[in-house]
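Chemist: No letters, just coordinates:
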């Protein structure tokens, strides 16, 4: 995206220590072209036992606010730093997701549930590799 002053705005994940407070430099920043972090689709979640960050990512293109073939859910590690691609993805390009918004984990069944605004659906993906 762009800011009002014509400057580029980069979507990034800033990672802090749990006990950080105040104006503290992040311990890591994930972002850049290889990260494929175009824009957040909605709230993200974490899976602390494996140090994973699960993010719904909007796709690209002129109609990305409505739907995109590039939309996906990406999983990064809290130990990632820099222009790092997700270690796992669900969805795009040309996947089932169009506007992923919410993410919930079903740890007992090793599954992830993803709500998609455009599909008006909640999809469940069995994903034992993540757990």
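Modeler: Nice, I can see it. Treat the numbers as computed from the prediction; the structure is a model and nothing was measured.
Chemist: What strands flank the helix or strand of the chain with the lowest mean pLDDT, and is each parallel or antiparallel?
Modeler: Ranked by mean pLDDT, DSSP states H and E, the weakest helix or strand in the chain is strand 88-91, scoring a mean of 91. With DSSP bridges as the test, strand 88-91 is paired with strand 72-77 (antiparallel).
Chemist: about what we covered before: next structured bit after the least confident helix or strand of the chain?
Modeler: The first helix or strand that comes after strand 88-91 along the chain, using DSSP states H and E, is strand 100-106.
Chemist: Same question for the least confident helix or strand of the chain: list its buried residues.
Modeler: Using 16 or more other Cβ atoms under 10 Å as the test for burial, strand 88-91 gives 89-91. Just so you know, the C-beta spots here come from the backbone N, C-alpha and C atoms, and that holds for glycine as well.
Chemist: One more: stretch 32-41?
Modeler: For stretch 32-41, by 16+ other Cβ under 10 Å, it's 35-39, 41.
Chemist: returning to that earlier point: so how far is the least confident helix or strand of the chain from its chain's centroid?
Modeler: 10 Å (Cα atoms, centre = their mean, to the nearest Å).
Chemist: Just the residues contacting it, thanks.
Modeler: 36, 71-75, 97, 100, 112, 114, 125, 127, 129-130 (Cβ atoms under 8 Å, 6 or more residues apart in numbering).
Chemist: I appreciate the help and will end here.
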